[in-house]
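Undergrad: okay, predicted coordinates and the sequence, questions at the end:
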Amino acid sequence: MVRARVFVAAPDPRIVILDIDEASLARMTKEFGRWPWPRDTLATVLDYVEGQVPSAVVWDILFSDADRISPGGDAAFDEAVKRSAHSHFSVVRLPKVNDKRSEITESALPELWVAPVFHSVSGRATVALIPPALPAVAASSLGFNNGYVDDDGVLRRYRYIEPLADGSAIQSLPLSVLRALNPVAYQAYLARSRGSYLDYCDELIAWRREGPAYPHISFADVFDQAEGGKPLAMVPSFAGKIVIIGATAPSLHDIHATPLFSMQAGVDSLAAALDNLLNQRQLAELPRWAQAIFAIALCVCLALWGQIKSVGSLAPALLVLPAALLGISYLSLNGSPMFVDLHLAAGLALVFLALLRYWNTLRRNYWCSPPPSDQPLAIWPLARHDAWSEAPLDRLIDAVEHHAPDCRVVVCDSHEGGLATQRWPELARFAAVVGPLNSLLAARNQLEPALMRLTNRRGELVMSDMPSDREKLASNVFSAWHVFKKID
């Protein structure tokens, strides 16, 4: 559904991705070796980008360990970060069960916690995460950048904020960028989240179109230009841009499945999450409890319809209803602020309709079988203008079930609707109620009102010998119809 959308929001033109791709790895390996490179290479690029005054420099790279091979590179990068006025760095949030064993508090990483107005008590909770190793990075704007996939391993949602045990909360990397670029929208988001979150605030990602939605600039090209190389046409100006520095190289393993691709780089997912937050493209979801209530209510309505009309009249719904529900879900992905997920309702309706039809088949087989009686039977022949299709047959069975439970219904099988046609419409007009004489006489007055609505002619009771098998009963019923037709 996501890949087949018709209306998709355009990507934010400010966002560009400084891409550590396979080509960059190959080109820079000759001088700097395998990834990770000495961090003075990153310092060179950071100074170059900062010199053009971007709106933000977003690092989708972890700096959780010191570079013991090249400490000078760490020192150079640390100094570059101190000079940077627009950098935002990511940390990895560890599972919440480890929070009590952690020693990291708000005082250690104050820029990771959201604005104080979000909570009344702060500084008490500890949080389990992988902190930055460089002092300047730890003192910069921070945000966690975890990808929380669904049970099937697909990334569909992004967590912008996470509350902690003391009522405080830590922010994601996109929320850190929003805090710097639009403080008013940042405060509004916090106020909205404070009133709605229960545990986590995972929001559906409103993806851009399939394919690279945001410009990718090779890191090696930017590095060459920052080193004084000849200007390249593929390296644009970064003035006013939101520059995300991250990797799409598969060998660096920052890849996961999304609704767009089975293997999508994490930096592209981060760009989409950041775009949605900056432009307030929140895609709300129908709550699970609302989905369940709707699915149950739908099944109740189907059951009532089958009771009032007939189960046979629900045959078109086996195809139409699930398709319509899935169609509503699809349409809600095209510009709607809420995704109305009706997959549960569609699946449950399909299963319920199939079970309802199966139950109705068993019910007809029971009430259209020979009556369990060792007494001579009476036959009450009936006729309609039209065939005994599913709806009138169900009503006839209802009447016999309620007023003459010892009796049964005999009717010629009729095929109609769709591509099927009645093979013997002349016979399909006739039916009969068969049962013990005493039972049929006792129930005749109660059956009469229902039969008046269902038939145009009702014959007199015809006695039959005690049937020995279904063939004998069928022969007696056909004889009664023959007499009935001759009188007609």
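TA: That came through fine.
Undergrad: drop to CA atoms for contacts and neighbour counts, all remaining ones
TA: Fine.
Undergrad: where does pLDDT dip in the stretch 301-450 of the chain?
TA: 414-421 (pLDDT under 70).
Undergrad: do you know how far the residue nearest to the spatial centre of the chain is from residue 286?
TA: Nearest to the geometric centre of the chain sits residue 341, at 5.4 Å (CA atoms, centre = their mean). With distances taken as CA to CA, to the nearest Å, residue 341 is found 6 Å from residue 286.
Undergrad: one more: residue 483?
TA: As for residue 483, its distance to residue 286 is 63 Å (criterion: CA to CA).
Undergrad: got a list of what the residue nearest to the centre of the chain touches?
TA: By CA atoms under 8 Å, 6 or more residues apart in numbering, the contact set of residue 341 is 285, 286, 291, 329.
Undergrad: and what of residue 136?
TA: Residue 136 sits in contact with 78, 79, 81, 82, where contact means CA under 8 Å, 6+ apart.
Undergrad: read off the pLDDT value for it.
TA: Looking at residue 136, its pLDDT is 96.
Undergrad: quick one on the thing from earlier: secondary structure class for the residue nearest to the centre of the chain?
TA: What DSSP: H, G, I helix; E, B strand; the rest coil gives for residue 341 is coil.
Undergrad: ok, now residue 463?
TA: Classification of residue 463 using three-state DSSP returns strand.
Undergrad: what is the neighbour count of it?
TA: Neighbours of residue 463 under the rule other CA atoms under 10 Å: 17.
Undergrad: nearest residue to it in space, please, no chain neighbours.
TA: Distances taken as CA to CA, 6 or more residues apart in numbering put residue 378 closest to residue 463, at 4.5 Å, once the chain neighbours are dropped.
Undergrad: follow-up on the earlier one: got a winner among the contacts of residue 136 for most neighbours?
TA: residue 81 leads the contacts of residue 136 on contacts (other CA under 10 Å) with 24 neighbours.
Undergrad: so that one sits against residue 87, correct?
TA: Yes: at 7.3 Å, residue 81 counts as touching residue 87 under the criterion of CA atoms under 8 Å.
Undergrad: spit out the residues that contact these two alike.
TA: residue 140.
Undergrad: picking up where we left off before, where's the residue nearest to residue 463, which helix or strand?
TA: Counting by DSSP states H and E, the element that carries residue 378 is strand 377-383.
Undergrad: just the C-alpha atoms of that strand, please, in CSV.
TA: Taking C-alpha atoms only, strand 377-383 is exported to CSV below (Å, rounded to 0.1, in the frame of the first residue of the first chain):
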residue,chain,number,x,y,z
LEU,A,377,-45.0,-39.1,7.4
ALA,A,378,-47.2,-36.4,6.1
ILE,A,379,-46.1,-34.2,3.2
TRP,A,380,-47.2,-30.6,2.9
PRO,A,381,-46.4,-29.5,-0.7
LEU,A,382,-45.5,-25.8,-1.3
ALA,A,383,-45.0,-23.7,-4.4
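Undergrad: helix or strand next in line after that strand, which one?
TA: helix 390-403.
Undergrad: show me how far the next helix or strand after that following helix is from its chain's centre.
TA: Of the helices and strands lying after helix 390-403 in sequence (DSSP H and E), the nearest is strand 408-411. Put simply, strand 408-411 sits 47 Å off its chain's centre (CA atoms, centre = their mean, to the nearest Å).
Undergrad: repeat that for stretch 306-317.
TA: On CA atoms, centre = their mean, the centre of stretch 306-317 falls 29 Å from that of its chain.
Undergrad: buried residues of that stretch, list them for me.
TA: 306, 309, 310, 311, 312, 314, 317 (16 or more other CA atoms under 10 Å).
Undergrad: right, I'll call it a day here.
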